[in-house]
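>>> The following comprises the amino acid sequence and a computationally predicted model.
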Amino acid sequence: MPVDVFVDWSRVPVGFDVPAAMRRLDAAESLGTMARRVTCSVAADHASATGGERHGWSIETGSPVEACRDALAAASQDAMPLLVLLGDVRPSAAAVGTLVAAVDADPMVGFAAARLTGHSMGSVARLDFEVDREIDELPRRVLSELPGTYVVADAPGRCLLIKSIVTADFTDLDLRFRSVAGGLWHYMSRARRCGFRTVICNRVVVDAPSHARPCPPCTVSLRSLPEADRVLLRELSTDLERTLTEFGTASADAAERRLARALPEAYGVRPSLLLDCRNIIAGANGTTVAALGICRGLHQLDADWDVTLLTSKDASVAHRLEATYPGWQIATSLPVRQFTVALRLSQPWHIQEMVDLHAAAAHNLYLFLDTISWDAVYPAPRHLDGTWRFLADQADGLIFISRYTRDRFHHRFGVRPGRRELIAYLSCDPADYVRPDARKASRRDEYIFVVGNDYDHKDVLPTVDLLAAAFPYESFVALGPSASVAPRVKMLQSGMWSEAEIHQWYANARLVVFPSFYEGFGLPIVTALAYGRTLVARGSTLLDEIAARCMPSGRLVPFARRDELVQIVGKVLHDEEVDTVPLGTALHGGKPLSWRDTAGAVLAFVTQIAADLCRSQWRSRDHLVPQLRGAPMALTDTGLRSSVVETAGRS
């Protein structure tokens, strides 16, 4: 099919070889057999080098905007499609034929734009530059992950075909614009307001050599227009901002950058990992111990990953993260860059946290600690049910810290076919818990230590009241709510003590009582046994599961109900025989898992998922996330949260 052509070479470098460029476009394999009329805008100092008149070519040295308007008018008069080339763009006849087919495939598609090569034939230029320019080109391999076309709005491509019906009915180009791209943007906006959209043809890659850094994108970004054009465009196209936000190329460009980072080998860089630790606190709790323990193990592995740890400023300072993890980037706000994998080292509490990770990486993984907040209801942030159902549907991988936790999650939120999961037990190695300075002879064996926090399921206050009444001459230390109880009971407000201080209470206790109804793993179990203490804990299948992975150090005494707790504690205090849970039965003579072992299992899982982009849920999330951004109630609490998340994160 014949086409008219407009070429804008008015801004090419001084050394640009215009005659050679004309010969390339006029060749049979390019536009020679299909270009009916070519209007070429060149700067005055290039005009003498054009080699004189060429059949069907018109060389214009005046305003390129006027030249483009004249080309549009000529195409309009003959109802011809117009191919617009901005800069040194070298389409093949096959590429132009595919663009023609793309606009003919739908009566309301008015424009078709091609993809362009990057700095090599193995790369493609980015779609847009409205967002960060850290990645200025993409591996060509990315195109195989994309749909054949995008349907967008107002995207003046550097290789753009305008449909004949559009050239016939939209003839004028506003000469107040200083650049052809600015005039075309307004032209496309007018046509789009009448229903004519633009398709980006992702299977059409046109050669557009460039030595510039960054590599020019396939479409002209708004920020690259002259300031006067941007002002005029906003004045004439009153829906410009909404069009850009909801229907422009920026969101597709962001998705493509995520895909590039998800293919680090094709892109020629190390795989990158974002560790989302925004839920850890400046003090010590189970979430913090688990997250930082895995971080410590990952750092010890020294894997060839580019790692960024995201946390709050308070937690970063309190745990000395920059000194603890040299070689890692410590971030206290969400980085603008893209990562191969984003791993949140605790369950999410708000939809926004998952939106953040979707924007950061094509692969989103989550460590899941327990379902306690959902079950108990009162500690849960608003809309937690919807948040975790979104997680169940959209996460690329879930890591559970016990079989018990995995089963609770499955019973509540189902099993999605194809969802990849891992059970990664936390460290049970005493070497990861025992602090040599924790034992103090002057405080040794003087008290019964009741462990928990101020949540109801920890059962701390009822247990302390019961035991203090039953054993009035014993001293108690209780980690839980700050409340005034019996005179010989010292209550420690949970979350207010350092890890070192808490370990002193473990190490010097005569007996440790852990009355919690519900745990995801039970770090107090591992800690008390690491110090060789006798631990009285509420019996459950979880207790058996964790005990099987602990060294035979100390004793683990189960109880089922409060009314038998007094009898069991009395027997322990009087050195009488009690039933115990067998320890180490799953070790088979080996060593218990360390934080390094846990991190190794996690890293292997991450690496396995990162190797298979086709199974990522990024496409599904990409459809849903824009809708979530339009739901203010779900996204009112953004950024690094403090009180709500820290409260919900304690377990």
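Perfect, I can see it now.

>>> Now the biggest strand by length in the chain: average pLDDT?
Longest strand in the chain, counting residues (DSSP state E): strand 197-206. Throughout strand 197-206, pLDDT has a mean value of 96.

>>> Which neighbouring elements make contact with the next helix or strand along the chain from it?
Next helix or strand after strand 197-206 toward the C-terminus (DSSP states H and E): helix 227-236. Here helix 227-236 touches helix 180-193, helix 240-242, going by 3 or more Cβ pairs under 8 Å, 6 or more residues apart in numbering; DSSP states H and E. In short, each C-beta sits where N, CA and C put it, glycine included.

>>> Residue 296 is nearest to which of the ones you listed?
For residue 296, the closest of the helices and strands packed on helix 227-236 is helix 240-242, at 45.9 Å, according to Cβ to Cβ.

>>> Rounded mean pLDDT for that closest one, please.
Mean predicted lDDT for helix 240-242 stands at 91.

>>> how about it: buried residues?
residue 240 (16 or more other Cβ atoms under 10 Å).

>>> which helices and strands does that helix pack with?
With contacts defined as 3+ Cβ pairs under 8 Å, 6+ apart, the packing partners of helix 240-242 are helix 227-236.

>>> Could you rerun that using 10 Å?
Helix 240-242 is packed against helix 180-193, helix 227-236, with contacts defined by 3 or more Cβ pairs under 10 Å, 6 or more residues apart in numbering; DSSP states H and E.

>>> Export these to TSV and append columns for mean neighbour count and mean pLDDT.
TSV is the format used below for the helices and strands packed on helix 240-242 (neighbours: other Cβ atoms under 10 Å; pLDDT from 0 to 100):
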stretch	mean neighbour count	mean pLDDT
helix 180-193	23	96
helix 227-236	15	96
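
>>> Of all these, which one comes closest to residue 624?
helix 180-193 (25.1 Å).

>>> where's residue 440 relative to residue 500, distance?
For residue 440, the distance to residue 500 equals 12 Å [Cβ to Cβ, to the nearest Å].

>>> oh sorry, the question was meant for residue 336
37 Å.

>>> What of residue 172?
Counting by Cβ to Cβ - residue 172 and residue 500 are separated by 76 Å.

>>> again with residue 79
Note on residue 79: its distance to residue 500, by Cβ to Cβ, is 82 Å.

>>> for residue 433, same thing?
Applying Cβ to Cβ to residue 433 and residue 500 gives a distance of 12 Å.

>>> Which one's more surrounded, these two?
Neighbour comparison, residue 433 and residue 500: the larger count goes to residue 433, with 23 against 11 (by other Cβ atoms under 10 Å).

>>> Please look at that one and residue 554 and confirm they touch.
No - using Cβ atoms under 10 Å, residue 433 is not in contact with residue 554; the gap is 11.6 Å.

>>> if I look at those two, which residues touch both of them?
The overlap between the contact sets of residue 433 and residue 554 (Cβ atoms under 10 Å, 6 or more residues apart in numbering) consists of 528-531.

>>> Just the element for residue 19, please.
Judged by DSSP H and E, residue 19 forms part of helix 18-26.

>>> For whatever helix or strand comes next after that helix, which helices and strands make contact with it?
Sequence-wise, the next helix or strand downstream of helix 18-26 (DSSP H and E) is strand 35-42. Under the contact criterion of 3+ Cβ pairs under 10 Å, 6+ apart, strand 35-42 touches strand 3-9, helix 18-26, strand 57-60, helix 64-77, strand 82-86.

>>> Many thanks, I have nothing further to ask.
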